[in-house]
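Colleague: test case, fold it:
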Amino acid sequence: MKSKNNIIIFSFLLILAALSLMTYKIKYLNFPLFQDETVNIWNIEAKITFNARKEQSASISMTLPSKQDGLMIINEESSSANFGYSNSFINGLKKGNWTKREVQGEQVLYYSIDVIKDPFFKAEQKDEIDEEIFRKEVSTAFVQASTSLLNSIYEKSANGVSFTSLLIKEFNLKEPSQATTMIKNNFMKTNKQKRDTLVQLIDKMGYKVRTIGALYLKDRQRNIELTPMLEVFYKDKWHLFDINKGEISKNSNIFIWQRGSQYLLDAEGVRNSDVRFSVTKNIVPARSAALSKDVKNQNTLLDFSLFVLPNEAQNTFKLLLLVPLGALVVVIMRVFIGIKTSGTFMPILLSMAFIETQLLPGILMFILVVTIGLIVRSYLSYLNLLLVARISAVLIVVVGIMAFVAILSQKLGLQYATSITFFPIIILAWTIERMSIIWEEDGPKEVLLQGGGSLLVSILAFFAMTNSVLSFITFNFPEVLLAVLGIIILLGRYSGYRLSELYRFKSMVD
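Modeller: So this is what the prediction gives:
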């Protein structure tokens, strides 16, 4: 009883471990459970244009995006025709720098990134703010107009977030107050001016705030500018605000390119510099996206997975990982159904051969080789050879039969038959020997019973091993084999009647 409990516990631990690893890879590493699953990868391209000045070297510096919660940058690429390119970090901001000594005419530089949504990705960002960035000199008229407005909103708010929400709402009313109208008409002529003015007003009340330049992740956007936004710090978290809509609680469709009020583009030795953005959605297989993310994250679980192997080795394991499925089919058919087979795992080897030869041609070739082999083996039995010599002779005969069938099929134009070499020669020779002994001891009926059982089980194993869903799962989630092992161990404890034995009790029922 104790042994049985130990086996049950051990089996369930194996199954639980497999399910846990699969859940982790699906939920946190975004591995797909099905082959046809796809994800969206957003390609964001910055196009920098400028005209060169005569006899002056060009130096272009652009603020690059930093990490953002829920959105992961999986690829960065710079296209700069004969320009030198380097990255630098200034005041915690990442910069892309293009330089060239001699420049002529109009120039175009490109910088693109690929972004994928990942709800579990968390970016480590600094919460400190350079106060000098946000506090600017303002006119007396601005101060007078804003004082009464700010005091009124301050009384209705509870913190920086609610204050900012009410302030943005005030400036988007259809019929705002006189002070609000004056500020809008004089200091908010563009969205960028509106954002900067809101930042000054919020900063004036002592709340931590910073400017944001963002892009909405919408397909087929061309030649657009960064959308001016702002963030307010409250309770150890930055809260994002659209200057026309208010707080954005879910910003998974917003990619923040620029934080802080530093210039997006700094250019020296050039004129008419400008930067525009394009956003394109690409649909890719989910597994490819998950592996691309791992290049950035270097997850240990994937770093020691089959994906680090060369393609040739991966293709080999795609077939090997299917063998346990065939073993499970054999266990079920023999333990529960009671199907007799010639050899315990010969059906698995046959099913692997059928994968290469196709099912129907493989069955016909197997029957042909075994039939001819039995005829030859019956003749060898009259020679009274020793076991090793007899099996060796059968082995040579099997090789000759396979060569003859391959040559004949090539002449007849039967392409499938040329793949007969995928059959396991040693196993075929031993199968012929076993069937011959069974024929002598138990008669042809038992030979047909075991041979037919082997074919039936191998066909079922073939369908299990060629199932596209199971094949995809076993390679992408090899830990599922732990669950298969647990199930086989549980089945190994079964000692009841087999399905094929129930006919024995038919007379009792009648």
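
Colleague: domain-wise, how is the protein divided?
Modeller: Domains of the chain are assigned by automatic domain parsing as 131-217+224-261, 342-472.

Colleague: and the gap between the closest residue to Ser146 other than its chain neighbours and Val232?
Modeller: Once flanking residues are discounted, Ser146 sits nearest to Leu201: 5.8 Å by Cβ to Cβ, 6 or more residues apart in numbering. (C-beta placed from N, C-alpha, C; glycine too.) Using Cβ to Cβ, to the nearest Å, we find Leu201 at a distance of 12 Å from Val232.

Colleague: make sure Lys4 is indeed in a helix.
Modeller: Yes. The assignment for Lys4 (DSSP: H, G, I helix; E, B strand; the rest coil) places it in a helix.

Colleague: neighbours of the closest residue to it other than its chain neighbours, how many?
Modeller: Nearest non-adjacent residue to Lys4, counting by Cβ to Cβ, 6+ apart: Arg493, 6.4 Å away. Residues contacting Arg493 under the criterion other Cβ atoms under 10 Å number 12.

Colleague: show me what contacts Arg493?
Modeller: Residues near Arg493 by Cβ atoms under 8 Å, 6 or more residues apart in numbering: Lys4, Ile7, Ile8.

Colleague: pLDDT score for Ile133?
Modeller: Note on Ile133: pLDDT of 44.

Colleague: now do the SS call for Val370.
Modeller: helix.

Colleague: meant to ask about Asn75
Modeller: Quick answer, by three-state DSSP: Asn75 is strand.

Colleague: quick one: contacts for it?
Modeller: So Asn75 contacts Ile113, Asp114, Ser292 (Cβ under 8 Å, 6+ apart).

Colleague: go with 6 Å
Modeller: Each residue near Asn75 by Cβ atoms under 6 Å, 6 or more residues apart in numbering is listed here: Asp114.

Colleague: number the chain from 44, please
Modeller: All set: I'll call the first residue 44, so the last point we hit is now Asn118.

Colleague: picking up where we left off before, among the domains of the chain, which is nearest Lys361?
Modeller: Closest approach to Lys361 among those is made by domain 385-515 (7.0 Å; Cβ to Cβ).

Colleague: any idea how far apart the tips of the closest one sit?
Modeller: 30 Å (Cα to Cα, to the nearest Å).

Colleague: quick one: mean pLDDT for that domain?
Modeller: Rounded mean pLDDT across domain 385-515 is 82.

Colleague: report the distance from that domain to the chain centre.
Modeller: In terms of Cα atoms, centre = their mean, to the nearest Å, the centre of domain 385-515 is found 41 Å from the chain centre.

Colleague: next, give phi and psi for the residue nearest to Lys47.
Modeller: When quoted as degrees, to the nearest 10, the phi and psi of Arg536 stand at phi -90, psi -10.

Colleague: and it, how far is that from Ala61?
Modeller: Applying Cβ to Cβ to Arg536 and Ala61 gives a distance of 19 Å.

Colleague: ok, Gly386 next?
Modeller: 29 Å.

Colleague: now do Leu241
Modeller: From Leu241 to Ala61 the distance is 53 Å (Cβ to Cβ).

Colleague: re the thing from before, between Gly386 and Ala61, which one's more packed in?
Modeller: Neighbours per residue (other Cβ under 10 Å) separate Gly386 from Ala61, with Ala61 holding more: 21 against 16.

Colleague: flag the shaky bits of the protein, pLDDT-wise.
Modeller: Along the chain, the parts satisfying pLDDT under 70 run over 44-45, 167-186, 188, 336-347, 457-465, 546-553.

Colleague: all strands of it, in order?
Modeller: Here the chain has its strands, by DSSP state E, at 81-95, 101-106, 114-122, 127-133, 136-143, 149-160, 252-259, 264-267, 270-276, 281-285, 289-290, 297-302, 308-311, 313-328.

Colleague: got a markdown table for these, with distance to Val442 too?
Modeller: Below are the strands of the chain laid out as a markdown table (distance: least, Cβ to Cβ, whole Å):
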| stretch | distance to Val442 |
| --- | --- |
| strand 81-95 | 48 |
| strand 101-106 | 69 |
| strand 114-122 | 52 |
| strand 127-133 | 62 |
| strand 136-143 | 65 |
| strand 149-160 | 53 |
| strand 252-259 | 67 |
| strand 264-267 | 66 |
| strand 270-276 | 73 |
| strand 281-285 | 73 |
| strand 289-290 | 77 |
| strand 297-302 | 64 |
| strand 308-311 | 74 |
| strand 313-328 | 43 |
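
Colleague: quick revisit: closest to Ile468 out of the contacts of Arg536?
Modeller: Among those, and counting by Cβ to Cβ, the member closest to Ile468 is Ile50, at 37.5 Å.

Colleague: mind checking how far that closest one is from Leu534?
Modeller: Where Leu534 is concerned, Ile50 sits at a distance of 11 Å (Cβ to Cβ).

Colleague: cool, Thr81 as well?
Modeller: Counting by Cβ to Cβ, the separation of Thr81 from Leu534 is 37 Å.

Colleague: what residues sit buried inside stretch 424-437?
Modeller: Buried residues in stretch 424-437, counted by 16 or more other Cβ atoms under 10 Å: Arg433, Ile434, Ala436, Val437.

Colleague: run through who's touching it.
Modeller: Arg420, Leu423, Ala472, Ile475, Glu476.

Colleague: contacting residues for the second one?
Modeller: Taking Cβ under 6 Å, 6+ apart as the contact definition, Leu423 lies against Arg433, Ala436.

Colleague: ok, now how distant is it from Val275?
Modeller: 91 Å.
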